[in-house]
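K.L.:
Take this sequence and fold it.
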Amino acid sequence: MRDDLQLLGRAVKQAQYRQHRALDSALTAVGTTLAQWDALRAIDRSPGASARELAAATFQTEQAFGALVGRLAAQGLVERRPGHGRRIEHHLAPEGERVLAAGHPVADEVLAECFSALPDADRATLLALLRRLNEEGGAR
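P.N.:
Residues are numbered from 1 along each chain as shown. So this is what the prediction gives:
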């Protein structure tokens, strides 16, 4: 059983790695990286969110996200504004909105290719299984 679980864990990681490499490579066509585009997506989903919230949403440490958002702000993609107390809120700048929008069709194409070996029903099953794993916690 242990070997099966390790094989399963490795297979999930291998699929994720392949997907991330393909996305990162393809997103260069719109002038961004996967990490940057993912940060823009997170800010778009939660305008005004703090760096802590956005770091969690993008699976990064606060320090790594802080460095990334600093670069995004320097590129004119993100605006950081004072919030309540010491909180800094994050918003997309117009150029960030443009880059994010340009990345969506690129990501759609890459992901369609990454999952092309699976028929729609299998994709739906995989999504349901992964959602269940993520909702129930698993490894903490």
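K.L.:
End to end on stretch 84-94, go ahead and measure it.
P.N.:
Terminal residues of stretch 84-94 lie 24 Å apart, using CA to CA, to the nearest Å.
K.L.:
If we go by neighbour counts, what in that stretch is buried?
P.N.:
Using 16 or more other CB atoms under 10 Å as the test for burial, stretch 84-94 gives 89-90, 92-93. For glycine as for every other residue, the C-beta is placed from the backbone atoms N, C-alpha and C.
K.L.:
Generate JSON lines for the residues you listed, with secondary structure as supplementary columns.
P.N.:
Formatted as JSON lines, those follow (DSSP: H, G, I helix; E, B strand; the rest coil):
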{"residue": "89", "secondary structure": "strand"}
{"residue": "90", "secondary structure": "strand"}
{"residue": "92", "secondary structure": "strand"}
{"residue": "93", "secondary structure": "coil"}
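K.L.:
what's the closest non-adjacent residue to the spatially most central residue of the chain?
P.N.:
Nearest to the geometric centre of the chain sits residue 38, at 3.7 Å (CA atoms, centre = their mean). Excluding the flanking residues, the one nearest residue 38 by CB to CB, 6 or more residues apart in numbering is residue 58, at 5.1 Å.
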